[in-house]
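S.K.: Quick one: sequence and predicted model below, then my questions.
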2 protein chains.
Amino acid sequence: MAPKSEKTQSNRRLADFLCFAVYSANLAFGRAYKPLLDHLGLTYPQYIAIVALSEEDNQTVSSLGEKMFLESNTLTPLLKKLEAMGYVRRQRAVEDERQVVVSLTEAGRRLREKATTTNLLKATGLDPEDFRKLQRSVVTLRDNLIDAASESGE
Amino acid sequence: MAPKSEKTQSNRRLADFLCFAVYSANLAFGRAYKPLLDHLGLTYPQYIAIVALSEEDNQTVSSLGEKMFLESNTLTPLLKKLEAMGYVRRQRAVEDERQVVVSLTEAGRRLREKATTTNLLKATGLDPEDFRKLQRSVVTLRDNLIDAASESGE
DNA sequence: TGCGATTTAATCGCATACGATTTATATAGA
DNA sequence: TCTATATAAATCGTATGCGATTAAATCGCA
């Protein structure tokens, strides 16, 4: 026990970094999803956007960005691609022309229905309970990091 | 209790996706590291490469890629940048000229020593034990996903 | 009312990821 | 030995992320 070693942090191995675990797990998810997403003709972030949009109609770019942890500089090009594919509608809000309201088209909703990821739970190698526990731990971690970043940010 | 709902997967909310938790936690780590890395003049992947290289001298691009879960198409440009900054040496292996051997320069080693991330443990909001547990869970998840992807891949 | 400050998207430039291909080198087998 | 195959890295094109800036619309407040 008591692994409160006196080693300096700079001697820690990459394999022990939580940030690297998350970084590489994210790459691994992308690769695991690849066959499914190729079949749908979507990239990973495009897929996330479709899911986020399916939860609520008429979101602005900002509110979608809050859900996805992205901003307009990343979202705008992505949404334009989804629009060109016919899955998304983008229109200026009439009550505030600065905002752009985004929603799924019928084709977008059909795509969302087709995009079940049941088969991926198996790929995680986790039983449903561990899956949920891990999911919540990672969400808590993320939210703590965001808080810390926003505090140091101002 | 008993959340084994009959809802189809396509009705799951984005916030419940493990893949999205990992995706967004990775973004959050990048932002949390930003001030530190800016100070060092490194990007996040460059920092990871420096740490990976500090663990072992004279790794080939392939072996470094295995550690980092990346391939030469991503690593080569990144390593060339680190070389241009003076932190890394790249040279063809004499015994097999197809391979390129990479190692840290003295400046690279000094940078590695300066790059302590102690202060980030605080940002995770986790005590050391939870930190280690979560780290291991995420690593296991990653390795399961990689296995699953490589199986379906052939 | 009018005008400076703020807000929202979009744009631009740079740095990853990554599939597909290319180039150079090494290996294996006839 | 000679050549077909295999392997390692690099190159190229596309799609994110993201800091910095810009453009347009709205707001705040004298």
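M.R.: On my side now, so go ahead. Numbering: from 1, shown residues only, chains lettered A, B, ... in the order given.

S.K.: Beyond the helix or strand of chain A with the lowest mean pLDDT, next helix or strand please.
M.R.: The helix or strand of chain A with the poorest confidence is helix A:118-124; it has a mean of 74 (mean pLDDT, DSSP states H and E). Once the chain leaves helix A:118-124, the next helix or strand it forms, by DSSP states H and E, is helix A:128-152.

S.K.: Which secondary structure elements does that next one sit against?
M.R.: Helices and strands touching helix A:128-152, by 3 or more C-beta pairs under 8 Å, 6 or more residues apart in numbering or on different chains; DSSP states H and E, are helix A:18-40, helix A:118-124, helix B:18-40, helix B:118-124, helix B:128-152. (Glycine included, C-beta is placed from N, CA and C.)

S.K.: Report whether the third one contacts chain A.
M.R.: Read that as helix B:18-40. Yes - contact of helix B:18-40 with chain A (C-beta under 8 Å from any C-beta of the partner chain) involves B:18-29, B:31-35.

S.K.: measure residue A:17 to residue B:48 for me?
M.R.: 8 Å (C-beta to C-beta, to the nearest Å).

S.K.: These two - which one has more neighbours?
M.R.: Ranked by neighbour count (other C-beta atoms under 10 Å in any protein chain shown), residue A:17 and residue B:48 place residue B:48 first, with 22 against 19.

S.K.: who's in contact with that one?
M.R.: Listed by C-beta atoms under 8 Å, 6 or more residues apart in numbering or on different chains, the contact set of residue B:48 reads A:14, A:20, A:23, B:68.

S.K.: who touches the closest residue to residue A:120 other than its chain neighbours in this structure?
M.R.: Closest residue to residue A:120 apart from its sequence neighbours, by C-beta to C-beta, 6 or more residues apart in numbering or on different chains: residue A:32 at 6.4 Å. By C-beta under 8 Å, 6+ apart, the contact list for residue A:32 reads A:120, A:123, B:145-146, B:148-149.

S.K.: cutoff 10 Å now
M.R.: A:117, A:119-120, A:123-124, B:19, B:142, B:144-150, B:152 (C-beta atoms under 10 Å, 6 or more residues apart in numbering or on different chains).
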